[in-house]
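[1] mind folding the following:
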Amino acid sequence: MKFFFIPFLLAPLHIYSQAVEASDVLFLKIQELEGELASLRSELESQTYLIEKLLNEESSQEENNVTPEADIISEGNTFRFEGINDSRSIDEVYDEAISELNNKDFQSAKQSFTYLANNFNDDEKIPLSLFWLGEISLLESNLEESEKFFLRLASDFPDHWRAPLAHKKIGDIFMMSGDLGAAKIKYQFVVQTFPENTASSLALQLLENME
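    Residues are numbered from 1 along each chain as shown. Next comes the predicted model:
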């Protein structure tokens, strides 16, 4: 008689187990969707930035009647011919900017980094210049400008070793702006896209603090 009741006693346990499994599957699905959303948002940000950049360049060319083939680029009252873009010149400008940064002469450093970022081509010095421009803008509490520098770094140099931290910094800016939802999505993107990078550990810690 006792054995007759065993199936009835086990039935609630079986139903509970199924409910737990269903809950786990739902949780995993939500995590997967959040990851996809983070990736899509980051891709949208990059595409939006590139589109705005192209539109601004076209507008600037029309206003100044400058053709794409022009070899002269202006920065204030300074002009650069294509031939000046040699390693020695880049190193000199970058070293000067770093020296100004170390001396806490942020305005001069900002001018030097801006000149370098806008007038030279270098896969190492340019993204680093953009990173420091973003940091200086943060010190100035200019969040919008800072975000543009970090976004330019992440979009134009996605494989650079500073790109993961640039994404994390954008999340920080969202956080400082009070957009916690956007910050969470950006941090999740960093954790899932750059799991081995230090920026991922920082983003993960911030995510845990937001729970």
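[2] all strands for the chain, in order.
    73-75, 78-80 (DSSP state E).
[3] nearest spatial neighbour of residue 117, chain-adjacent residues omitted?
    residue 129 (4.5 Å; CB to CB, 6 or more residues apart in numbering). All C-beta atoms are positioned from the backbone trio N, CA, C, and that covers glycine.
[4] can you list contacts of stretch 105-112?
    Under the criterion CB atoms under 8 Å, 6 or more residues apart in numbering, residues 93, 96, 97, 98, 100, 101, 132, 133, 136, 139, 140 lie in contact with stretch 105-112.
[5] buried sites along that stretch?
    If you call a residue buried by 16 or more other CB atoms under 10 Å, then stretch 105-112 has these buried ones: 106, 109, 110, 112.
[6] format those residues as JSON lines; extra columns: distance to residue 169 and pLDDT.
    Output for the buried residues of stretch 105-112, formatted as JSON lines (distance: CB to CB, whole Å; pLDDT from 0 to 100):
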{"residue": "106", "distance to residue 169": "17", "pLDDT": "96"}
{"residue": "109", "distance to residue 169": "18", "pLDDT": "97"}
{"residue": "110", "distance to residue 169": "16", "pLDDT": "97"}
{"residue": "112", "distance to residue 169": "21", "pLDDT": "95"}
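[7] quick one on the thing from earlier: now, the contacts of stretch 105-112 that are in helices?
    93, 96, 97, 98, 100, 101, 132, 133, 136, 139 (DSSP state H).
[8] pull out the buried residues from stretch 204-211.
    206, 207.
[9] residues making contact with it?
    For stretch 204-211, using CB under 8 Å, 6+ apart, the contacting residues are 171, 175, 180, 183, 184, 187, 188, 191.
[10] buried subset of the residues you listed, written for ChimeraX?
    Of those, the buried ones go into a single ChimeraX selection, burial set by 16+ other CB under 10 Å:
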select :171,175,183,184,187,188,191
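[11] nearest residue to residue 176 other than its sequence neighbours?
    Spatial nearest neighbour of residue 176, chain neighbours left out: residue 143 (6.0 Å); criterion: CB to CB, 6+ apart.
[12] can you check residue 130 too?
    residue 153 (4.1 Å).
[13] any weak-confidence spans in this protein?
    1-88 (pLDDT under 70).
[14] quick one, helices of it?
    Using DSSP H, helices in the chain cover 2-64, 87-102, 106-119, 125-139, 143-156, 163-176, 180-193, 198-210.
[15] just the residues contacting the second one, thanks.
    Helix 87-102 is contacted by residues 106, 108-109, 112-113, 115-116, 120, 122, 125, 128-129, 132, 136 when judged by CB under 8 Å, 6+ apart.
[16] gap between residue 101 and residue 109?
    Between residue 101 and residue 109 the computed distance is 4 Å (CB to CB, to the nearest Å).
[17] number of nearby residues for residue 182?
    17 (other CB atoms under 10 Å).
[18] and residue 119, by the same measure?
    19.
[19] kindly report the same for residue 142.
    14.
[20] for stretch 149-165, buried residues please.
    149-157, 160, 162-165.
[21] correction: the previous question concerned stretch 94-101.
    94, 96, 97, 98, 100, 101.
[22] could you do stretch 135-145 as well?
    Those would be 135, 136, 137, 138, for stretch 135-145 by 16+ other CB under 10 Å.
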